[in-house]
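K.L.:
what shape does this take:
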Amino acid sequence: MIRLRTFAASLFLAASALLPAVSVSAQTVAAPAGDDQHDRVEVVRLKSGKVLRGLIESRTKTHLDFIEFFRPLGKPMFAVARRIERRHIAREETLSEDQRAALVRQASRFRNRARIEQGRMESISLARSEVDGVTHWTYRPLGQRPFFTLRSSMDEQMTRRAIVRIEQIFTAYRRLMPPRAAPRKQLQMVLFGSMQEYRDFLGSRQLDIDHPAFYSTRRNLIAAGSQLDGLRSVLQKSQAKQTAILQEIERMKKTSAKTLRQLNAELKKRGVDTETRKLIVGERRQRVETELQRLRKQARANDRHNAAKFDTVTARMFTRLYHEAFHAYLENYVYPGEQHDVPRWLNEGMAQVFEQGQLDDGMLRIDAPNRQALVKLQALLRSNRATSLADVLSAKQSAFLVTHTRGTGSREHYLISWGLTYYLTFDRPLLSREAIDRYTRPEAAKTPPVARFERLVGMSLKQFEQDWRKAMLAKLPQR
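P.N.:
Numbering: from 1, shown residues only. This is a model prediction of the structure:
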């Protein structure tokens, strides 16, 4: 008999573009975690032939409590906790003591992810100021060189959550592509609590951009707008409720011990015998613990609700922020424009691949093509009106600038660049660090774009384009 309970999980690192590439079948719905060297998990093989991969939580003479991990392609990991009777088990494969300890820590981080994020949010030091009647928050860490400094007109809690999320994506980028350059000047971020503020900011700089965020290499600045006006009051009410719950938990913890002592003393004064007093006090203690557990569960549910609501409203903003953050990371830490020539198609292609990655336990998983981008690219390729690869390879930055008055051609450049980069990462893995180093050397830029690309892929552009089109059209979009 196997008892199931499910919960979402995010625990392991999968394939990434600039590490040794891993081909992933687009037809796999969900693959168990633990299929590569990054995922050290325990294995339980059942007599039925089924193989479970995850963590053995506990053992008794009759059963195992086991958490099985899954990694759906392009989606957050999830886990299923099972109670497995020993009579169904053929074999167990356990980890070494150190490996198991690491896995237990990962599982613990997942279970306490909301509390951990809340702790990180609370540890952030913000300075408050008023500008034209609008509250602004400034993040400028002392005693360290941060990835960025930030100014925000969003709500304080939203600002804190945004800082934590952005720092996580920069940390993930650093793990994928270790830094080998120092920023010439500090990266700055400006976050706006409304899209109107963002549009006013763009207008004041004579910028016509139809994106919720952008990165300026010259200013080393990322600016982004959000649609958080309607969410602010909802989250404020929810946060007030959360504060009340936490205060009640602390009150009960502080007063329960005193209350139980008083109860015991009162019973003793009445002449109640020792055993009876223990039963009465023990029952009262259990009622208090049950209530505390209920309140803690309510607090965790409230945290999850707030995070989910925040994620839903800010999804587009964060996707674009992660995109622009990649451009900023590449420019500041890996391939500074003064020393390297990264063609625009590659820069934009990598940013798109990374923007859709799944952040799991501080790692970035890139294991399935972006469904929306794939569907649009396939439609474009079938139309036989797609911009040629030669034009995309030769395109300058302006060709990728989506504005209110000019967007269709630019969006085609984005789609094709994404498709090229994804194909060269997973289907025809040629984007190793060494290959990109050679491709972006200043002297390589003296070679015409098509010939430069043909040298990278080792074949004529005509043959490559045929292979690429066939491969991208054959992919099945993930649901």
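K.L.:
which residues are contacting stretch 323-331?
P.N.:
With contact meaning Cβ atoms under 8 Å, 6 or more residues apart in numbering, stretch 323-331 is reached by 147-148, 166, 169-170, 173-174, 177, 187, 213-215, 217, 220, 222, 224, 337, 342, 347, 350-352, 354-355. (C-beta placed from N, C-alpha, C; glycine too.)
K.L.:
next up, the contacts around Gly337.
P.N.:
Thr217, Glu331.
K.L.:
how close does it get to Asp391?
P.N.:
Gly337 sits 22 Å away from Asp391, taking Cβ to Cβ, to the nearest Å as the criterion.
K.L.:
same check on Met177?
P.N.:
Distance from Met177 to Asp391, by Cβ to Cβ: 28 Å.
K.L.:
more neighbours: these two, which one.
P.N.:
Using other Cβ atoms under 10 Å as the criterion, Met177 and Asp391 rank with Met177 on top: 22 against 16.
K.L.:
so who does the more buried one touch?
P.N.:
Met177 touches Leu18, Tyr329, Leu330, Tyr333, Val334, Arg433, counting by Cβ under 8 Å, 6+ apart.
K.L.:
please apply the same query to Ile416.
P.N.:
Contacts of Ile416 (Cβ under 8 Å, 6+ apart): Trp345, Leu377, Leu380, Ala386, Thr387, Leu389, Val392.
K.L.:
which element is the fifth one on?
P.N.:
Per DSSP states H and E, Thr387 falls between elements, in no helix or strand.
K.L.:
is it true that it touches Leu415?
P.N.:
No - Thr387 lies out of contact with Leu415 (Cβ atoms under 8 Å); the separation is 9.1 Å.
K.L.:
tell me which of those two has more neighbours.
P.N.:
Leu415 (23 against 15).
K.L.:
where does that one land on pLDDT?
P.N.:
pLDDT recorded at Leu415 is 93.
K.L.:
how about the one 5 residues further on?
P.N.:
In the prediction, the pLDDT value recorded for Leu420 is 96.
K.L.:
quick check: buried residues in the strand or helix carrying it?
P.N.:
Using DSSP H and E, Leu420 maps to helix 408-422. Of all the residues in helix 408-422, those buried under the rule 16 or more other Cβ atoms under 10 Å are Ser410, Glu412, His413, Tyr414, Leu415, Ile416, Ser417, Trp418, Gly419, Leu420, Thr421, Tyr422.
K.L.:
show me which of those is closest to Phe453.
P.N.:
Leu420 (9.1 Å; Cβ to Cβ).
K.L.:
now do the contacts for the closest one.
P.N.:
Trp345, Gly349, Leu389, Val392, Trp468.
K.L.:
what is the neighbour count of the last one?
P.N.:
By the criterion of other Cβ under 10 Å, Trp468 has 21 neighbours.
K.L.:
nearest residue to it other than its sequence neighbours?
P.N.:
Tyr423 (5.5 Å; Cβ to Cβ, 6 or more residues apart in numbering).
K.L.:
same thing with the second one?
P.N.:
Beyond its immediate neighbours in the sequence, the residue positioned closest to Gly349 (Cβ to Cβ, 6+ apart) is Thr421, lying 2.9 Å away.
K.L.:
that neighbour touches Leu346, doesn't it?
P.N.:
Yes - counting by Cβ under 8 Å, Thr421 does reach Leu346; the two are 6.7 Å apart.
K.L.:
hang on, the earlier thing: quick check, nearest of the buried residues of helix 408-422 to Gln286?
P.N.:
Closest to Gln286, out of all of those and judged by Cβ to Cβ, is Tyr422, at 56.0 Å.
K.L.:
which residues does the closest one contact?
P.N.:
Gly349, Val353, Pro369.
K.L.:
off-centre distance for the one helix or strand Ile56 maps to?
P.N.:
In the assignment (DSSP H and E), Ile56 maps to strand 51-59. Taking Cα atoms, centre = their mean, to the nearest Å, one finds strand 51-59 lying 26 Å from the centre of the chain it belongs to.
K.L.:
which neighbouring elements make contact with it?
P.N.:
On a contact count with 3 or more Cβ pairs under 8 Å, 6 or more residues apart in numbering; DSSP states H and E, strand 51-59 meets strand 30-32, strand 42-46, strand 63-72, strand 78-85, helix 97-111.
K.L.:
what angle sits between that strand and strand 63-72?
P.N.:
With axes from the mean of the first three to the mean of the last three Cα atoms, to 10 degrees defining the directions, strand 51-59 sits at 140 degrees from strand 63-72.
K.L.:
would you mark the buried spots in strand 51-59?
P.N.:
Buried residues in strand 51-59 (16+ other Cβ under 10 Å): Leu52, Arg53, Gly54, Leu55, Ile56.
K.L.:
so can I have JSON lines of these showing distance to Ser204 and pLDDT?
P.N.:
Output for the buried residues of strand 51-59, formatted as JSON lines (distance: Cβ to Cβ, whole Å; pLDDT from 0 to 100):
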{"residue": "Leu52", "distance to Ser204": "58", "pLDDT": "92"}
{"residue": "Arg53", "distance to Ser204": "54", "pLDDT": "90"}
{"residue": "Gly54", "distance to Ser204": "53", "pLDDT": "89"}
{"residue": "Leu55", "distance to Ser204": "53", "pLDDT": "91"}
{"residue": "Ile56", "distance to Ser204": "59", "pLDDT": "90"}
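K.L.:
so how do I select the buried members of the contacts of Tyr422 in ChimeraX?
P.N.:
Buried residues within the contacts of Tyr422, by 16+ other Cβ under 10 Å, are selected in ChimeraX with:
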select :349,353,369
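K.L.:
which members of the contacts of Tyr422 are positioned in strands?
P.N.:
For those, not one is inside strands, with DSSP state E as the criterion.
K.L.:
pLDDT-wise, what's the bottom of the contacts of Tyr422?
P.N.:
Lowest confidence among these: Pro369, with 83.
K.L.:
once you drop chain neighbours, what's closest to that residue?
P.N.:
Tyr422 (5.6 Å).
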